[in-house]
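S.K.: 3D, please:
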Amino acid sequence: MRCCRSLTCEGLRCWGCAMAVQWQEAMSIGVADLDAEHRAMLELLNSLEAGLEGGDDDGVADAMRDLVGLMSEHFSREEDLLSGIGCPSFYAHRDGHDAIADRIHLLRRRYLVAVDSGARRDVASALLNFTRISLLDHILTEDHAMGRRMSPAAIQPSLDRSSESEAGATVVPVATQDVEYSLPPHLAHLLNRLHYTQAELPPPHGGYATFEVLCAEAVARRIDEVLVVFHKRNACVSRKLPPPFFLSPEFADRFRRVVERLIMPELLKSRRLRQMTSRCDWKVVDSESFWEYVDNPLAEDLLERWRLAWDEMRLVERVRDDGSRVFQVKETTRILREMLQPPTPEAYDLPRIGNVEIETLKSLFDPTRDLAGALHAGWQRCQDLYEQEMEPRVFQQKAREGALRDYLLLAHQQYAANWGEFLTLSVHRVFGRVTSHFLERFSTSLGRSEQERAGHMPYLMRYLHQLRDHPEIRRQEREEEAQWQAQRQELQNFLKGVTAAA
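M.R.: Modelled structure (predicted):
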């Protein structure tokens, strides 16, 4: 390994030339919980290196799993802390986390699908070297720079000032640390962080009676990981129309039953899938760890069979004797339509299932790529841009006008199938100022005519047609926007007065 001579090595054992890294007080950032996690990560790095040197494949796998999991949890905890105290460098700091996390998750996936022990050792060594350098550099530079802000002495006053007083007014910090003021209660929400609930899947479990049941549960969980990305709710945002089907947990439950009945029989025909029983003790495998034993050939085989099963349900175009054309509906397609019908009209909106909808449903499963991870990243980018552009707080960076719209258009181009469209509709359902007017203006970028736009985003255009049938929704949105603008102006005037008085 190449010896580095950077500032971060001074006074410490250089991680580019030392075999193990020992925790030293110089590494402390002054926050006990975070320091403890930093120390634990270094210990796992040393365990990973020891496993590689000793040829302990199980030890390497365990250390890598624990290290990647701890780093993900630690980064999330650190970001919550920085966000809570209004750190001005929050986004840059999080970008550093994302760069490290993306790389280690990619290397871990390569490790899990490697076909022989030599390839696995090479990937594990690459992960060790990358993590050792990048993690220590991050701790000793960026985390140390944030240490004063993250220390308990710095955090507690911020938490105290952000809590509500007995009178109901929120006490808010301004640029000068010596000035505190009571914000009028009816304006306090303008400085509160965006809040919504995100559904979570239950922990995976094993102990299935048969291998076939395990396979069905593993496929279902992989799909649920995608759909749950869209299961968000903002109690402060009320949308009168029923949600599109992919936003509804009730649809997810019904789709699971569809897959089990109509799709799994085809997947279970896979010879490669049956051979998997010789590579693992399936009785102790759960629906999540199942995928650690799926190599690339098996993943591609499952994807091909998944697509074939859906293609078998496509409507077939027939030409009548008089020259007219009609679509023939197969029996399995009738069953599909019946099984996915919403329990009530308010539960979710689902178009009558045709070939467009079948292609959409087919896109919900792809074992060859991390679709859920990509969608989570896309959603987080949407939230960042929304807060920066449309609901900026005093402690946030500001985004240019149109930044959210441009990103959603980019997502539409980058994501396969309808996922960019689904992100757009999810943003509307969760973020208050992404109104029907925003959606109408957004849709004009998709084509010159309604038909052309529907070809690009059929579900968005269907939703807009439903909105147009309810003019009262648009009127209410205009009233809410006018109220928000008035309160925003009042807040600006109030803050100017406080600053002038200071």
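S.K.: Residue ranges in the stretch 301-450 of the chain under the pLDDT threshold?
M.R.: Filtered on pLDDT under 70, the stretch 301-450 of the chain yields the residue ranges 393-398.
S.K.: do that again at 50, thanks
M.R.: 395 (pLDDT under 50).
S.K.: Show me where it has its helices.
M.R.: 331-339, 355-362, 371-389, 403-414, 419-430, 436-443, 450-456 (DSSP state H, counting those that start in this stretch).
S.K.: Quick one, which of the ones you listed gets closest to Val259.
M.R.: Of all these, the one in closest proximity to Val259, counting by Cβ to Cβ, is helix 355-362 (9.2 Å). In short, each C-beta sits where N, CA and C put it, glycine included.
S.K.: Who are the packing partners of the closest one?
M.R.: Using 3 or more Cβ pairs under 8 Å, 6 or more residues apart in numbering; DSSP states H and E as the contact test, the elements touching helix 355-362 are helix 296-311.
S.K.: Report the distance from the helix it packs on to the chain centre.
M.R.: 25 Å (Cα atoms, centre = their mean, to the nearest Å).
S.K.: do stretch 277-291 as well
M.R.: 26 Å.
S.K.: can you list contacts of it?
M.R.: 112, 204-208, 211, 214-215, 217-218, 220-222, 276, 293, 367 (Cβ atoms under 8 Å, 6 or more residues apart in numbering).
S.K.: Name the residues of it that are buried.
M.R.: For stretch 277-291, the neighbour count (16 or more other Cβ atoms under 10 Å) marks 282, 285-288, 290-291 as buried.
S.K.: Put the alpha carbons of stretch 35-52 into PDB.
M.R.: What follows is stretch 35-52 as a C-alpha-only set of coordinates in PDB (Å, rounded to 0.1, in the frame of the first residue of the first chain):
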ATOM      1  CA  ASP A  35     -16.700   8.700  18.900                       C
ATOM      2  CA  ALA A  36     -17.800   5.200  20.200                       C
ATOM      3  CA  GLU A  37     -19.100   4.400  16.700                       C
ATOM      4  CA  HIS A  38     -15.900   5.600  15.100                       C
ATOM      5  CA  ARG A  39     -13.900   3.400  17.400                       C
ATOM      6  CA  ALA A  40     -16.200   0.400  16.600                       C
ATOM      7  CA  MET A  41     -15.800   1.000  12.900                       C
ATOM      8  CA  LEU A  42     -12.000   1.000  13.300                       C
ATOM      9  CA  GLU A  43     -12.200  -2.300  15.200                       C
ATOM     10  CA  LEU A  44     -14.300  -3.800  12.400                       C
ATOM     11  CA  LEU A  45     -11.700  -2.700   9.900                       C
ATOM     12  CA  ASN A  46      -9.000  -4.400  11.800                       C
ATOM     13  CA  SER A  47     -11.100  -7.500  12.100                       C
ATOM     14  CA  LEU A  48     -11.700  -7.500   8.300                       C
ATOM     15  CA  GLU A  49      -7.900  -7.200   7.700                       C
ATOM     16  CA  ALA A  50      -7.200 -10.000  10.200                       C
ATOM     17  CA  GLY A  51      -9.700 -12.200   8.500                       C
ATOM     18  CA  LEU A  52      -8.100 -11.500   5.100                       C
END
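S.K.: List the buried residues for it?
M.R.: So, applying 16+ other Cβ under 10 Å, buried residues of stretch 35-52: 35, 37-38, 41-49, 51-52.
S.K.: Among the residues you listed, find the lowest-pLDDT one for me.
M.R.: Confidence by pLDDT is poorest for Asp35 among the buried residues of stretch 35-52, given 84.
S.K.: which stretch of helix or strand covers it?
M.R.: helix 32-54 (DSSP states H and E).
S.K.: Roughly how far does Val316 sit from Leu194?
M.R.: 47 Å (Cβ to Cβ, to the nearest Å).
S.K.: Emit the PyMOL select command for whichever of the contacts of stretch 277-291 are buried.
M.R.: Remark: buried members of these, expressed as a PyMOL selection using 16+ other Cβ under 10 Å:
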select buried, resi 112+206+208+211+214+215+217+218+220+221+222+276+293+367
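S.K.: Next step: the contacts of stretch 277-291 restricted to helices.
M.R.: If you go by DSSP state H, the contacts of stretch 277-291 have 112, 211, 214-215, 217-218, 220-222 in helices.
S.K.: if we can go back for a sec, out of the helices of the stretch 301-450 of the chain, which gets nearest to Leu107?
M.R.: When these are compared (using Cβ to Cβ), the closest one is helix 371-389, at 14.1 Å.
S.K.: List the buried residues for that closest one?
M.R.: Quick answer for helix 371-389 (16+ other Cβ under 10 Å): 371-376, 378-379, 381-389.
S.K.: Could you export that helix as CSV, CA atoms only?
M.R.: These are the backbone C-alpha positions of helix 371-389, laid out as CSV (Å, rounded to 0.1, in the frame of the first residue of the first chain):
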residue,chain,number,x,y,z
LEU,A,371,-34.0,-0.3,-7.8
ALA,A,372,-35.1,0.5,-4.2
GLY,A,373,-31.8,2.1,-3.4
ALA,A,374,-31.9,4.2,-6.5
LEU,A,375,-35.4,5.4,-5.7
HIS,A,376,-34.5,6.3,-2.2
ALA,A,377,-31.7,8.4,-3.5
GLY,A,378,-34.0,10.0,-6.0
TRP,A,379,-36.6,10.8,-3.4
GLN,A,380,-34.0,12.3,-1.1
ARG,A,381,-32.8,14.6,-3.9
CYS,A,382,-36.4,15.7,-4.5
GLN,A,383,-36.8,16.5,-0.8
ASP,A,384,-33.6,18.5,-0.7
LEU,A,385,-34.5,20.6,-3.8
TYR,A,386,-38.1,21.1,-2.6
GLU,A,387,-36.9,22.4,0.8
GLN,A,388,-34.2,24.6,-0.8
GLU,A,389,-36.3,26.0,-3.6
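S.K.: tell me the contacts of Val226?
M.R.: Counting by Cβ under 8 Å, 6+ apart, Val226 has contacts 364-365, 371-372, 375.
S.K.: For it, which non-adjacent residue is closest in space?
M.R.: Ala372 (4.9 Å; Cβ to Cβ, 6 or more residues apart in numbering).
S.K.: same check, this time on Arg441
M.R.: For Arg441, the spatially nearest residue (Cβ to Cβ, 6+ apart) is Arg405, at 7.6 Å.
S.K.: Hmm, Ser443 and the one you found touching each other?
M.R.: No - in this structure, Arg405 is not within contact of Ser443 by Cβ atoms under 8 Å, at 10.7 Å.
S.K.: Lys269 and Arg305 touch, don't they?
M.R.: Yes - if you go by Cβ under 8 Å, Lys269 and Arg305 touch, sitting 6.9 Å apart.
S.K.: re earlier: can I get the ones in helices among the contacts of stretch 277-291 in JSON lines with distance to Glu260 and pLDDT?
M.R.: Below are the ones in helices among the contacts of stretch 277-291 laid out as JSON lines (distance: Cβ to Cβ, whole Å; pLDDT from 0 to 100):
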{"residue": "Leu112", "distance to Glu260": "26", "pLDDT": "81"}
{"residue": "Phe211", "distance to Glu260": "15", "pLDDT": "95"}
{"residue": "Leu214", "distance to Glu260": "13", "pLDDT": "96"}
{"residue": "Cys215", "distance to Glu260": "10", "pLDDT": "96"}
{"residue": "Glu217", "distance to Glu260": "9", "pLDDT": "96"}
{"residue": "Ala218", "distance to Glu260": "12", "pLDDT": "96"}
{"residue": "Ala220", "distance to Glu260": "7", "pLDDT": "97"}
{"residue": "Arg221", "distance to Glu260": "12", "pLDDT": "96"}
{"residue": "Arg222", "distance to Glu260": "13", "pLDDT": "95"}
